[in-house]
Structures are given as C-alpha cells and as structure tokens.
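Q: here's my sequence, what's the structure:
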Amino acid sequence: MDIDWKQVKEFTVTVGNRTHRAVLQEIGPEGELYLQIVERDHPFQKAATGGPGRISFVSGGQSYCFHGKVCAHGQGRIMVIREAGIIVNHRQELRLAVPPFPAEIRAKAFLRTKVLEAFIYDISRKGVRVATEVGLETEKQCRLATSLMVKKSYRPFEALCSVRYCLPERNRYFSGLRFDQVGLEARKVLEKFLTEVRAETSLF
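A: Prediction:
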C-alpha cells in the first residue's frame, strides 16, 4: 500500500501503555519516519520509546495502522521504522506492545492439526498480534497457547482465536488474532498480566 506520508496531518504513536500525538518532520532514505511529538498523554512525563510500537493515522478519510520500532531521536522527536504492512484500523481496544515472547498456534488442516511456532508482539483483552514463519489463513479459527508472567512466575494461557489479517513482512508473517473464547482462569491470568505490563512500562 502506497501512502503519501506528507499528506498525513497527524500520527498517533503507542508504545506500551503510552500514547502520543505527533506530526511528520521528514522521511529518511530507508523510508523511516521522523516525527515530532506535539502532545503526550501525560504532560509531566517523558514519551515511552525505544521498543515495539503501533502507529495509526488517517489518509483519504480512512484510518490505518502499522507496527514498527519507535526510537528516541532528540528532544521530543522520534524515529519510526516500519516492521509490518499497513492495514485498515478496525481495532476496538488498544493493545500493549511487548518484547516478543513465544507462543504455539494450533490450526486445523486436512486430516490433521497443524502446529506453528509464533511470537507475540502485542496483546490486549481482545486479541494479540503474532509473527510466524508460515502465513495463517484469514477468517479461520485457531488455538493460541502461551505462558504469561504474573508476579514473576509463568502462568499458562490459552484462547480460541479468529485470524483477522495476515501480512508478509521480511521473511515473516504478522497476523492479528481476535480472542473468541477464553476460559475463566485464563481470563484472570490475562487481566493480571496486562495490569503488570501497564505498570512496568519504561518511560524515558
């Protein structure tokens, strides 16, 4: 998808549990975006940068988003390196970007169950974004299994998911999974994990 970045009036940059408004300053030779923060979600705290993030924007009346690395680049200035394709923004709830951690995906295939290794890149109460070496079939259901750290110990988490999109990027496939069914105990683990991620997000 081709976007004329110079025509985008504003970007919303989310890293961890911090969200900021920013405007474009320049485009780097490798397509990296240099943005100036114009409003932070808390005026007395610095922006959270230096990790995986989510960038959303409006172009031609449609809302889009992509994921990438967000790096500090001077006072109130950040550099964004896109790591996944641009998709239409349908998200209902903000996901928290996390350092990638492993998961297992089980999907039905012809006469068998296919098991794929995956890495989770962001997560919310509603779903996750994962990277796999093999693409996932959109609109199909799969079962996600992983371990979430709660109070410095790993707790099992499983959910029945629907694949909302799948995009190839740099020898990987990034997919958005929506949680369709989550057990009571797994839901409690997820809520505690999200609470700790929000509390531990580094700010600098």
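Q: what pLDDT does the model give Thr201?
A: With respect to pLDDT, Thr201 has a value of 55.
Q: contacting residues around the residue sitting nearest the centre point of the chain?
A: Closest to where the C-alpha atoms of the chain average out (Cα atoms, centre = their mean) is Asp122, at 4.0 Å. Residues near Asp122 by Cβ atoms under 8 Å, 6 or more residues apart in numbering: 52, 54, 67, 95-98, 128-129. The C-beta positions use only the backbone N, C-alpha and C, and glycine is treated the same way.
Q: as CSV, the residues you listed with secondary structure, distance to Arg155 and neighbour count would be great.
A: Output for these, formatted as CSV (DSSP: H, G, I helix; E, B strand; the rest coil; distance: Cβ to Cβ, whole Å; neighbours: other Cβ atoms under 10 Å):
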residue, secondary structure, distance to Arg155, neighbour count
Pro52, strand, 22, 20
Arg54, strand, 25, 24
His67, strand, 26, 27
Arg95, coil, 19, 20
Leu96, strand, 17, 20
Ala97, strand, 21, 26
Val98, strand, 15, 20
Val128, strand, 16, 23
Arg129, strand, 21, 24
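Q: of those residues, which is the nearest to Ser153?
A: Closest approach to Ser153 among the contacts of Asp122 (Cβ to Cβ): Val98, at 17.0 Å.
Q: how much space separates the closest one from Arg21?
A: 23 Å (Cβ to Cβ, to the nearest Å).
Q: now do Glu32
A: In terms of Cβ to Cβ, Glu32 sits 19 Å off from Arg21.
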